[in-house]
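Q: Take this sequence and fold it.
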Amino acid sequence: MFGSAFLGAHLMRGAAAAALLAWAIVQQTAHPWQSLGAGVAALVALRGCPMCWTVGLIETLSQGRRASTAERADRTWLH
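A: Numbers count the residues shown, from 1 in each chain. The predicted structure is shown next:
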């Protein structure tokens, strides 16, 4: 549900959101409206709250493990 097709894409979204949040915190007094926009953009990049992103990361990792386990099982049955 929350998982991405590729681990790299999921991690890139997380890195982009972290950079946006860091910029928003540093610039909050100088550019309050842009800082608010960066915070909203970070939530869009995460596809929700940080906890949702973390759950998606776990799902993405488990999908990869399930796929590699299925491939090993297929190779075992073929031999």
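Q: For stretch 42-56, output the C-alpha coordinates as CSV.
A: Extracted in CSV, the C-alpha atoms of stretch 42-56 (Å, rounded to 0.1, in the frame of the first residue of the first chain):
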residue,chain,number,x,y,z
ALA,A,42,8.2,17.7,2.1
LEU,A,43,4.9,16.1,3.1
VAL,A,44,4.0,15.5,-0.6
ALA,A,45,7.4,14.0,-1.2
LEU,A,46,6.9,11.6,1.8
ARG,A,47,3.3,10.8,0.5
GLY,A,48,2.0,11.7,4.0
CYS,A,49,3.5,11.8,7.4
PRO,A,50,7.1,10.6,8.2
MET,A,51,5.6,7.5,9.9
CYS,A,52,3.8,6.6,6.7
TRP,A,53,7.1,6.9,4.8
THR,A,54,8.7,4.6,7.3
VAL,A,55,6.0,2.0,7.0
GLY,A,56,6.4,2.3,3.2
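Q: Sort out which residues of it are buried, please.
A: Neighbour-count burial for stretch 42-56, with 16 or more other Cβ atoms under 10 Å as criterion, is recorded at 42-43, 45-46, 53, 56. Every C-beta, even on glycine, is put in place using the N, C-alpha and C of the backbone.
Q: With stretch 16-24 instead?
A: Buried positions in stretch 16-24, judged by neighbour count with 16+ other Cβ under 10 Å: 17, 20-21, 23-24.
Q: returning to what we had before: residue 12: which of the buried residues of stretch 42-56 is nearest?
A: Nearest to residue 12 out of the buried residues of stretch 42-56 is residue 45 (Cβ to Cβ; 9.0 Å).
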